[in-house]
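Q: Sequence and predicted model, in that order:
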Amino acid sequence: MDIKEKHEKFLYPVVRIFSQKAAGSGTIIYSKPYREEDHLTLVLTNFHVIEDCVSHKRDWSSLLKRQIDKEFLEKAYVEVFSYVWISKVDSSNRYGAQILAYDHDHDLAILQLDSPKQFPNVATLIPKDEIKNIKLFTDIVVSGCSLAHEPFCNFGQITFLNEEIERRHYLMTNANSIFGNSGGAVFLAESGELIGVPSRITGIQLGFGHDIVTWMGFAAHPDRIYEFLTEQELLFVFDPKDTYDAAMDRRKKKQEEALMALKAEFVQDEVLKKSTIKADQEREVS
């Protein structure tokens, strides 16, 4: 892989993300034609990077005739960088981005850019059947926007294959990582394939201070990236036989089924409540 290819694989797909109160990293993982001349572009990041764009409030449902928790999503903003002479940042373009999918437990999210243009530099997710071939001492590149800086890379190796934190699997690397790298990318140095999303760093409490161990970084395991995309019905990201429209239809159907189940539960609760009231009244009369 020559210098130009390294830029295209490790640097150009990585973006900077701003939420309501935070900044972090993301990686363009999909940018393909969609409906006439428009293109659909998706960015993979951590949920905690855009968490403050998601809120839940108690509100009245006219369908269920009761108060329920409703979800409200604010826009995030994504900065995509342009480069000249291969390495020099020429400019950055900021795009609004809708939260297409997220999962708190996986700590992963997908943003959809509010732009019809195609982005030429897209990360390639490691094929699912090749994940088992990842070994310790494999050279990797961690790319992201440390401390909200423009994207840059750090180099290291895989140091642990299956770290378990809060019942979720992570890869551990010794490439220096710090706040702001969250949501970026871990690439295989040889092929440039995306194998993880930097999500956590190690901290040590020393007296009243807190030291960060930058060479013990944890990235969402590639198995979890596939789990997340599958659970969110976004198979088209890695399966060319699937489509965005089909995915949205499946997601809508799931949401409608969940709403109907909630309505059925509400009706059952109302019937039980009325039955209990009637029984109490009958006991009072007797």
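A: Looks like it came in fine.
Q: what's across from His39 in the sheet?
A: His39 forms beta bridges with Pro33, as assigned by DSSP bridges.
Q: Got the confidence number for it?
A: With respect to pLDDT, His39 has a value of 94.
Q: And Lys65, by the same measure?
A: At Lys65, pLDDT is 66.
Q: What of the one 4 residues further on?
A: On pLDDT, Asp69 comes in at 76.
Q: Could you report the neighbour count for it?
A: By other CB atoms under 10 Å, 9 other residues sit near Asp69. For the C-beta atoms, the positions are set from N, CA and C on the backbone; glycine is no exception.
Q: Quick check: the gap between it and Lys253.
A: Shown here: Asp69 relative to Lys253, a distance of 21 Å by CB to CB, to the nearest Å.
Q: and what of Trp85?
A: For Trp85 relative to Lys253 (CB to CB), the value is 49 Å.
Q: and those two? which has more neighbours close in?
A: Lys253 (11 against 6).
Q: In terms of helices and strands, where is the more buried one?
A: helix 244-285 (DSSP states H and E).
Q: just Lys21 next, same as before
A: With DSSP H and E as the test, Lys21 turns up in no helix or strand.
Q: Surely it touches Asp52?
A: Yes: Lys21 lies in contact with Asp52 (CB atoms under 8 Å); the separation is 4.8 Å.
Q: neighbour-wise, which of those two wins?
A: Asp52 (13 against 8).
Q: pLDDT wise, what is that one at?
A: Looking at Asp52, the pLDDT reads 93.
Q: before we move on, what about Leu262?
A: 73.
Q: now the one 5 residues further on
A: Predicted confidence (pLDDT) at Val267: the value is 62.
Q: Contact partners for Lys70?
A: Going by CB atoms under 8 Å, 6 or more residues apart in numbering, Lys70 touches 56-59, 61.
Q: So what sits opposite it in the bridge?
A: Bridge pairing for Lys70 - DSSP bridges - gives Lys57.
Q: ok, now Glu164?
A: According to DSSP bridges, beta-bridge pairing links Glu164 with His169.
Q: and what of Val186?
A: Bridge pairing for Val186 - DSSP bridges - gives Val142, Gly196.
Q: how far away is it from Trp215?
A: Val186 is 14 Å from Trp215, where distance means CB to CB.
Q: Looking at these two, which has the bigger crowd around it?
A: Each of Val186 and Trp215 has its neighbours counted (other CB under 10 Å); Val186 has more, 28 against 16.
Q: okay, the more buried one: pLDDT?
A: pLDDT at Val186 comes out at 98.
Q: I figured it was touching Ala219, is that so?
A: Yes: contact criterion CB under 8 Å: Val186 and Ala219 qualify, at 4.6 Å.
Q: anything in contact with each of these two?
A: With CB under 8 Å, 6+ apart as the test, Val186 and Ala219 both reach 142, 171, 173, 195-198.
Q: Mind listing what's buried along the helix or strand containing Ile225?
A: Per DSSP H and E, Ile225 falls inside helix 222-231. In terms of neighbour count (16 or more other CB atoms under 10 Å), helix 222-231 has its buried residues at 222, 224-229.
Q: contacting residues for Asn162?
A: 169-171, 221.
Q: which stretch of helix or strand covers it?
A: Counting by DSSP H and E, Asn162 is found in strand 152-165.
Q: as a whole number, average confidence for that strand?
A: pLDDT averaged over strand 152-165 gives 94.
Q: And the contacts of Asn162, which is closest to Ala101?
A: His221 (18.2 Å; CB to CB).
Q: in this structure, which ranges drop under the pLDDT threshold?
A: 63-66, 205-209, 265-286 (pLDDT under 70).
Q: can you list the residues that contact stretch 49-60?
A: The contact list for stretch 49-60 (CB under 8 Å, 6+ apart) reads 17, 19-26, 66-76, 99, 102, 104, 109, 111, 182-183.
Q: again, only this time at 10 Å
A: For stretch 49-60, contacts defined as CB atoms under 10 Å, 6 or more residues apart in numbering pick out 17-26, 43, 47, 66-77, 97-99, 102, 104, 107-109, 111, 180, 182-184, 197, 199.
Q: now, which of the contacts of Lys70 sits nearest Ile131?
A: Looking across these and measuring by CB to CB, the closest to Ile131 is His56, at 34.1 Å.
Q: what's the neighbour count on the closest one?
A: 10.
Q: Tell me the spacing between it and Lys70.
A: Distance from His56 to Lys70, by CB to CB: 7 Å.
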